[in-house]
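Undergrad: need a structure here:
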Amino acid sequence: ISLRETADGEFLVRYIFAQPAAADMEEQEESIRIVLSEHTERVRIRRDKEDYRIYSMETEEIREIDSFRELKNE
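TA: Prediction:
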């Protein structure tokens, strides 16, 4: 995960999301295939008494990642 503040109380948050691929019932695989994607979200926070709370999250971009090797090169 990476955070970059773009304005007071506003951040761009980038993270890698991994989930199992949909399994085909006809295929008998011994390993689970993982689908990777990079998500960038615009997150806005505001102060609520002594805490900060997220009040808005907007998806900026979702990019598919072909392999773990691609992550290693970044």
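Undergrad: Mean confidence (pLDDT) on stretch 66-74, please.
TA: Across stretch 66-74, pLDDT averages out at 70.
Undergrad: Could you do stretch 17-36 as well?
TA: The pLDDT scores in stretch 17-36 average 75.
Undergrad: can you check stretch 43-54 too?
TA: On average, stretch 43-54 scores 94.
Undergrad: residue boundaries of the strands in this structure?
TA: With DSSP state E, the ranges of strands along the chain come out as 2-7, 10-20, 34-48, 51-65.
Undergrad: Can you add mean neighbour count and give those back as TSV?
TA: Where you see a C-beta, it was placed from the backbone N, CA and C, and this is true even at glycine. Listed next are the strands of the chain as TSV, based on neighbours: other Cβ atoms under 10 Å:
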stretch	mean neighbour count
strand 2-7	10
strand 10-20	13
strand 34-48	14
strand 51-65	11
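Undergrad: bridging residues for E61?
TA: Listed by DSSP bridges, the beta-bridge partners for E61 are T40.
Undergrad: quick one: it and H39 touch, right?
TA: Yes. Using Cβ atoms under 8 Å, E61 makes contact with H39 at a distance of 7.5 Å.
Undergrad: so Y52 sits right up against V43, yeah?
TA: No. Using Cβ under 8 Å as the test, Y52 is too far from V43 to be in contact (10.6 Å).
Undergrad: Kindly provide the distance from E41 to L12.
TA: Taking Cβ to Cβ, to the nearest Å as the measure, E41 falls 7 Å from L12.
Undergrad: Overlap of the contact sets of the two?
TA: Shared contacts of E41 and L12, defined by Cβ atoms under 8 Å, 6 or more residues apart in numbering, comprise E60.
Undergrad: Find the nearest non-adjacent residue to R46, please.
TA: The shortest distance from R46 to any residue other than its chain neighbours is 5.4 Å, reached at Y55 (Cβ to Cβ, 6 or more residues apart in numbering).
Undergrad: For that neighbour, which residues are in contact?
TA: Contacts here follow Cβ under 8 Å, 6+ apart; on that basis Y55 touches R44, I45, R46.
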